[in-house]
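Student: quick one: sequence and predicted model below, then my questions.
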Amino acid sequence: MPPSIDSSAKAGAASTPAVELPPALQTLFDGIREGKRVALARAISVVENERTGFQSFLHALLAEGRHGGARLGITGPPGAGKSSLVSEIARAHREQDESVGIVAVDPTSPYSGGALLGDRIRMNDLALDPGIFIRSMASRGSLGGLATTTKEVLDVMDAFGFPRLVVETVGVGQTELEITGAADTVVVVLVPESGDGIQAMKAGLMEIADIFVVNKSDRPGADRLVKEVRTALHLRSGRAPGRVPAHHGVDHAAVASKAGSDAESGASDDPASDDSAESSAPEPWVPPVVQTMAQTGDGVEELMETVERHRTWLVESGELERRRIRRTRERIRDILDREMRRRVRRELGDAEGLEAALGRITRGSATPYSVAAEMLDRIVVEPEAAPLPRA
Ligand SMILES: Nc1nc2c(ncn2[C@@H]2O[C@H](COP(=O)(O)OP(=O)(O)O)[C@@H](O)[C@H]2O)c(=O)[nH]1
Ligand SMILES: [Mg+2]
């Protein structure tokens, strides 16, 4: 179980003065700190719809310090069983008494309006659980990627204090690649029927997957898909395919990734070698392939064990910190990108000003370049109704 509060970040945040929020947003802010679900739901809407002051609101939440909920990303083609898996994962966390925040970025998702419209009564039970919060969002990333707001919604959920955060994105085009910007651990779900083993590899999923799941293992072709994925993984890492466990479930050899070589797989059969004193220099992570049947819950336990192992590896290898820094870097870029686009749109939307500028260009007293330069000045210095917050 991850720590609910990252105390070091908290201490560092002490020097960041909180911004003054409009009363309505301050109420939401207080509500979140008091653990009120209604406040959480409203706050998410504020962020999702980019209402006035939403950036100051996010700033205030982040200035409070990082809570550090474990972020798990689940991606894959439509119908692969992602939502079913998420339900099973959420259920398992609840059995451990951990609350779960779920964001589903999937127009075909069975989640709707905070309720889970699954084809099973068990899914509906989940939505009624006060320890589970589900939010469904439309994918509308301006660059074809996962919207920045999705990541911001995860931040709001994190601030609420969920120790477990799960984000489901439907893998269409490039969107699944963006999930790395939202999650600590990325699970790519494949299914036998789509015959997409090699397709997935081509689409770049190989690079983003921390764990592969072959779901619908009750369907024919599952074993073959597992082998395909393993072969592709070994080819990529420049190794010959090693042992393939005959049983369904976690490839423990791959999880432990002992000595980075399957040539030594004989040695790694010894369970005692699993926790040798190598923690000072963790081995590179080799994505394991886990078989599941989300409908029955088979393999979900193994999947969760694998996710936990990955988390341990993330922490010990320093990769978690590197990923967080990378995400922060991307966030700064995204905030600037979004803000600049918004301001440019506003500037161009000023029909009168634009008309006057066109007149000056016609009379020869300006060129499109000098007009753009003037606009740029205004974009940067002109007072904003809701400026970006300052620390
Ligand atoms: N046969 C079989 N069907 C499954 C399995 N997991 C999910 N499904 C079904 O596949 C369909 C799509 O599942 P869903 O979770 O909505 O997929 P998503 O689009 O990836 O979120 C649903 O009808 C599920 O009941 C499985 O392991 N085996
Ligand atoms: Mg879904």
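Tutor: Sure, I can see it. Ligands and ions are numbered 1, 2, ... in the order given.
Student: now do the end-to-end distance for stretch 338-358.
Tutor: 27 Å (CA to CA, to the nearest Å).
Student: give me the low-pLDDT residue ranges for the stretch 101-250 of the chain?
Tutor: 106-125, 127, 139-146, 172-177, 194-203, 237-250 (pLDDT under 70).
Student: point me to the residue of it nearest ligand 1.
Tutor: Residue nearest to ligand 1 within the stretch 101-250 of the chain: residue 216 (3.8 Å; CB to the nearest ligand atom). All C-beta atoms are positioned from the backbone trio N, CA, C, and that covers glycine.
Student: hang on, that residue in a strand?
Tutor: No - under the criterion used here (DSSP: H, G, I helix; E, B strand; the rest coil), residue 216 is coil, not part of a strand.
Student: skipping its backbone neighbours, what lies nearest it in space?
Tutor: residue 191 (4.6 Å; CB to CB, 6 or more residues apart in numbering).
Student: number of nearby residues for the one you found?
Tutor: Using other CB atoms under 10 Å, residue 191 has 23 neighbouring residues.
Student: what does residue 345 give?
Tutor: Residues near residue 345, counting by other CB under 10 Å: 9.
Student: wait, is it part of a strand?
Tutor: No - secondary structure of residue 345 (three-state DSSP): helix, not part of a strand.
Student: now do the strands in the protein.
Tutor: Secondary structure of the chain (DSSP state E): strands located at 70-76, 100-105, 111-112, 115-116, 132-137, 164-170, 185-190, 211-214, 289-291.
Student: does residue 371 touch residue 357 like I think?
Tutor: Yes - between residue 371 and residue 357 there is a contact under CB atoms under 8 Å: 4.4 Å.
Student: most centrally placed residue in the chain?
Tutor: Within the chain, one residue has its C-alpha closest to the average C-alpha position: by CA atoms, centre = their mean, that is residue 182, at 2.6 Å.
Student: test my guess that that one contacts residue 155.
Tutor: No - taking CB under 8 Å as the definition, residue 182 is not a contact partner of residue 155, at 9.9 Å.
Student: domain ranges for the chain?
Tutor: Here the domain parsing of the chain from automatic domain parsing is 65-319, 331-381.
Student: hey, which of these is tucked in deepest?
Tutor: domain 65-319 (a mean of 19; mean count of other CB atoms under 10 Å).
Student: ends of that domain, what's the gap?
Tutor: 20 Å.
Student: my read: residue 378 touches residue 347, true?
Tutor: Yes - if you go by CB under 8 Å, residue 378 and residue 347 touch, sitting 6.3 Å apart.
Student: does residue 161 touch residue 34 like I think?
Tutor: No - taking CB under 8 Å as the definition, residue 161 is not a contact partner of residue 34, at 10.7 Å.
Student: thinking again about what came up before, now render the strands of the chain as TSV, adding distance to residue 57.
Tutor: Shown next, in TSV, are the strands of the chain (distance: least, CB to CB, whole Å):
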stretch	distance to residue 57
strand 70-76	20
strand 100-105	17
strand 111-112	24
strand 115-116	26
strand 132-137	16
strand 164-170	19
strand 185-190	28
strand 211-214	34
strand 289-291	38
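Student: and of those, who's closest to residue 338?
Tutor: Each of those has some distance to residue 338 by CB to CB; the shortest is strand 132-137, at 16.1 Å.
Student: coming back round to it: show me what contacts the residue of the stretch 101-250 of the chain closest to ligand 1?
Tutor: 80, 81, 191, 192, 193, 222, 293, 294, 295 (CB atoms under 8 Å, 6 or more residues apart in numbering).
Student: backbone dihedrals for the last one, please?
Tutor: In other words, residue 295. Torsion angles at residue 295 (phi, psi; degrees, to the nearest 10) stand at phi -60, psi -40.
Student: separation between the residue in the stretch 251-391 of the chain that ligand 2 sits nearest to and residue 92?
Tutor: As assessed by CB to the ion, ligand 2 sits closest to residue 294 within the stretch 251-391 of the chain, at 10.5 Å. According to CB to CB, to the nearest Å, residue 294 and residue 92 sit 12 Å apart.
Student: now do the shared contacts for the two.
Tutor: In contact with both residue 294 and residue 92: residue 300, using CB under 8 Å, 6+ apart.
Student: ok, and the closest non-adjacent residue to residue 90?
Tutor: Nearest non-adjacent residue to residue 90, counting by CB to CB, 6+ apart: residue 100, 4.6 Å away.
Student: hey, what's the one you found bridged with?
Tutor: residue 132, residue 164 (DSSP bridges).
Student: tell me the contacts of it?
Tutor: Residue 100 neighbours (CB under 8 Å, 6+ apart): 89, 90, 93, 94, 131, 132, 133, 162, 164, 165, 166.
Student: what about 10 Å?
Tutor: 69, 72, 86, 89-94, 126, 129, 131-134, 157, 162-166 (CB atoms under 10 Å, 6 or more residues apart in numbering).
Student: returning to that earlier point: and the gap between the nearest residue to the residue of the stretch 251-391 of the chain closest to ligand 2 once chain neighbours are set aside and residue 157?
Tutor: Counting by CB to CB, 6+ apart, residue 294 lies nearest to residue 84, which is 3.6 Å off, once chain neighbours are set aside. According to CB to CB, residue 84 and residue 157 sit 21 Å apart.
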